[in-house]
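Asks: only the shape, not the letters, is given here:
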């Protein structure tokens with residue numbers, strides 16, 4: 001499909017990073033205030049990370065379900081306002097902060113029981129119209145909701161049992177065999193015995209989706225489109241794998257036969273072992289890729305445009321035998337290629353997709369991306385390399401003068417250092433190279449250092465991205481504010497401190513909005529448009 005995007009710009013900010021609410025950002029008043037700030041700044045894009053419920057490591061890219069919403073994002077004040085919870089039941093304890101970084105352990109131990117109580121109260125005291133809407137929601141979402149609720153109910157029980165026994169693992173390693181196999185009779189018996197628990201889990205999802213759709217509608221009315229995110233792979237500890245084992249490379253017990261990763265490269269001598277179960281693309285083809293069609297269709301009810309993470313995996317993926325400690329012994333195997341996207345397009349029509357095409361990209365991957373008309377990504381932070389001579393550096397594909405319009409430019413992503421942090425840690429010769437590129441003249445080391453210190457170099461790089469020929473420019477809010485590495489969202493291959501950053505309550509000032517509006521206007525990026533309708537196609541998809 002030949003995607004045509006009008007010239008637009010916006011901000012990357014995950015809702016968990018919103019300020020002012022107990023423990024973690026939510027879909028409440030602060031989210032609406034952020035939308036208002038975006039409109040004031042004349043931005044028309046808001047990019048988010050995956051919205052699913054997070055597990056160990058708190059990563060939105062490792063969710064218990066690719067279809068479900070993260071309960072921690074539910075705003076408790078909105079529940080009270082909508083008569084879905086009692087006011088006294090949602091007050092946080094003193095140890096839950098409204099500022100500073102997110103303490104996921106504390107938030108989970110406090111907020112999930114609060115939501116469970118709210119769900120029970122709603123189910124017994126909710127208005128007839130609200131309960132009718134809940135019943136409608138259950139019917140519309142039953143293609144994933146029942147499996148998710150069953151999975152989470154069983155998981156909660158056996159995780160607690162495993163903790164008491166001092167053992168670990170995921171569902172295929174210690175659940176009873178019939179439940180691990182997702183045996184219909186066993187799961188039905190479980191659901192009957194735990195009916196109240198199952199219904200509460202569904203009610204919590206109703207709360208999330210109701211709040212999210214209200215927020216999205218508000219953003220759309222203000223001229224702001226939402227860019228969502230689909231990771232190519234799903235988490236091993238997920239309802240997705242458990243309830244669809246025939247579509248994954250797992251044995252009769254649910255144990256993976258092979259897992260995902262990437263091969264050894266310049267950055268890692270042993271590669272990266274991600275551990276995600278791999279799809280059985282042959283089985284998916286026989287089913288006409290129904291699971292993927294549903295996944296994309298469902299996501300498009302929540303967002304206006306989709307970024308697909310690790311797009312290259314659709315052309316070929318690195319398969320590592322399960323149980324290996326590194327990714328060294330993997331091999332490349334073919335993915336579904338154009339056939340998948342042809343099928344999606346035939347069923348859903350032309351859809352707006354951004355391909356995350358970073359890393360080592362082959363000619364075959366470029367042909368798949370370009371054949372489908374998906375814009376790729378350019379990350380400005382990748383544009384400069386102090387180890388290369390200037391002549392070589394100036395040919396870097398991530399430099400703005402090398403862009404073609406059919407791409408999306410970012411100063412950085414959720415996996416990068418913030419731009420200010422990158423500049424502060426950069427060697428002096430790299431600072432000089434960047435400053436000289438930005439200023440179009442020779443810059444001294446002293447001048448370059450001063451530009452980093454007063455944060456003007458970071459601001460100029462943001463301006464460079466917005467000024468570029470790329471049709472879409474998306475800037476992490478940390479780079480708009482020139483936040484240092486204390487604002488870094490994720491450091492790949494580490495755990496414990498990722499995904500915890502939150503905005504300061506007073507960070508998004510009217511002045512910052514005015515400056516961004518001016519820059520976007522100067523480079524023709526703040527024309528008012530019509531959300532999804534503006535993401536359109538010129539030719540039939542992948543024909």
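Replies: Okay, I see it. Since this is a predicted model, take the numbers as computed values, not measurements.
Asks: so which bits of the helix or strand containing residue 460 are buried?
Replies: Residue 460 belongs to helix 456-467 when elements are defined using DSSP states H and E. By neighbour count on 16 or more other Cβ atoms under 10 Å, the buried set for helix 456-467 is 457-467. All C-beta spots, glycine's among them, are computed from the backbone N, C-alpha and C.
Asks: ok, now which ones touch the nearest residue to residue 127 once chain neighbours are set aside?
Replies: If the residues on either side of it in the chain are set aside, residue 127 comes closest to residue 83, at 6.7 Å by Cβ to Cβ, 6 or more residues apart in numbering. Listed by Cβ atoms under 8 Å, 6 or more residues apart in numbering, the contact set of residue 83 reads 125-127, 130.
Asks: of these, buried ones?
Replies: For these, buried by 16+ other Cβ under 10 Å: 126, 130.
Asks: would you turn the contacts of residue 83 into CSV with secondary structure and distance to residue 338?
Replies: CSV is the format used below for those (DSSP: H, G, I helix; E, B strand; the rest coil; distance: Cβ to Cβ, whole Å):
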residue, secondary structure, distance to residue 338
125, helix, 52
126, coil, 47
127, coil, 49
130, helix, 45
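Asks: before we move on, the earlier item: quick check: the residue nearest to residue 127 vs residue 91, distance?
Replies: Using Cβ to Cβ, to the nearest Å, one gets 17 Å for the distance from residue 83 to residue 91.
Asks: who does the helix holding residue 460 touch, helix- and strand-wise?
Replies: helix 419-425, helix 428-439, helix 445-453, strand 472-476, helix 477-480, helix 510-522 (3 or more Cβ pairs under 8 Å, 6 or more residues apart in numbering; DSSP states H and E).
Asks: from residue 110, how far out is the nearest residue to residue 76 once chain neighbours are set aside?
Replies: Distances taken as Cβ to Cβ, 6+ apart place residue 90 nearest to residue 76, at 3.9 Å, with adjacent residues excluded. Going from residue 90 to residue 110 by Cβ to Cβ gives 10 Å.
Asks: likewise residue 58?
Replies: Where residue 110 is concerned, residue 58 sits at a distance of 15 Å (Cβ to Cβ).
Asks: who has more neighbours, those two?
Replies: Shown here are residue 58 and residue 110; by other Cβ atoms under 10 Å, residue 58 has more neighbours (21 against 16).
Asks: and the more buried one, that one's in a helix?
Replies: No: Residue 58: not assigned to a helix; according to DSSP: H, G, I helix; E, B strand; the rest coil it is coil.
Asks: hmm, it is touching residue 498, no?
Replies: Yes: the criterion here is Cβ atoms under 8 Å, and residue 58 meets it with residue 498 at 6.8 Å.
Asks: which neighbours do those two have in common?
Replies: Between them, residue 58 and residue 498 share no contacting residue, judged by Cβ under 8 Å, 6+ apart.
Asks: just to revisit the earlier point, got the contacts of residue 83 as a markdown table, with distance to residue 117 and pLDDT columns?
Replies: Listed next are these as a markdown table, based on distance: Cβ to Cβ, whole Å; pLDDT from 0 to 100:
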| residue | distance to residue 117 | pLDDT |
| --- | --- | --- |
| 125 | 12 | 96 |
| 126 | 14 | 96 |
| 127 | 18 | 96 |
| 130 | 17 | 98 |
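Asks: would you reformat the contacts of residue 83 as CSV and include distance to residue 325?
Replies: Formatted as CSV, the contacts of residue 83 follow (distance: Cβ to Cβ, whole Å):
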residue, distance to residue 325
125, 53
126, 51
127, 55
130, 51
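Asks: I'd like to know which of the contacts of residue 83 is nearest to residue 189.
Replies: Within the contacts of residue 83, the smallest distance to residue 189 is 28.0 Å, found for residue 126 (Cβ to Cβ).
Asks: now do the closest one against residue 418, distance only.
Replies: 43 Å.
Asks: cool, and residue 130?
Replies: 42 Å.
Asks: show me where the stretch 51-200 of the chain has helices.
Replies: Using DSSP state H, counting those that start in this stretch, the helices found in the stretch 51-200 of the chain span residues 76-81, 104-125, 128-140, 142-165, 171-174, 177-180, 184-193, 195-221.
Asks: low-scoring pLDDT stretches of this protein, where are they?
Replies: Within the chain, the set of residues satisfying pLDDT under 70 comprises 1-4, 266-267, 386-395, 527-543.
Asks: surely residue 303 and residue 224 touch.
Replies: No: assessed by Cβ under 8 Å, residue 303 is found out of contact with residue 224, at 11.5 Å.
Asks: returning to that earlier point: and the contacts of residue 83, which two are furthest apart?
Replies: 125 and 130, at 9.8 Å, using Cβ to Cβ across the contacts of residue 83.
Asks: quick revisit: now the angle from the helix holding residue 460 to strand 472-476?
Replies: Angle, helix 456-467 to strand 472-476, by axes from the mean of the first three to the mean of the last three Cα atoms, to 10 degrees: 150 degrees.
Asks: so residue 274 is in which element?
Replies: Per DSSP H and E: strand 272-277 holds residue 274.
Asks: buried residues, the next helix or strand after that strand. List them.
Replies: Later in the chain than strand 272-277, the nearest helix or strand by DSSP H and E is helix 281-286. For helix 281-286, burial by neighbour count (16+ other Cβ under 10 Å) applies to 281, 284.
Asks: which residues touch helix 281-286?
Replies: 246-247, 290-292, 334-336, 339.
Asks: many thanks, have a good one.
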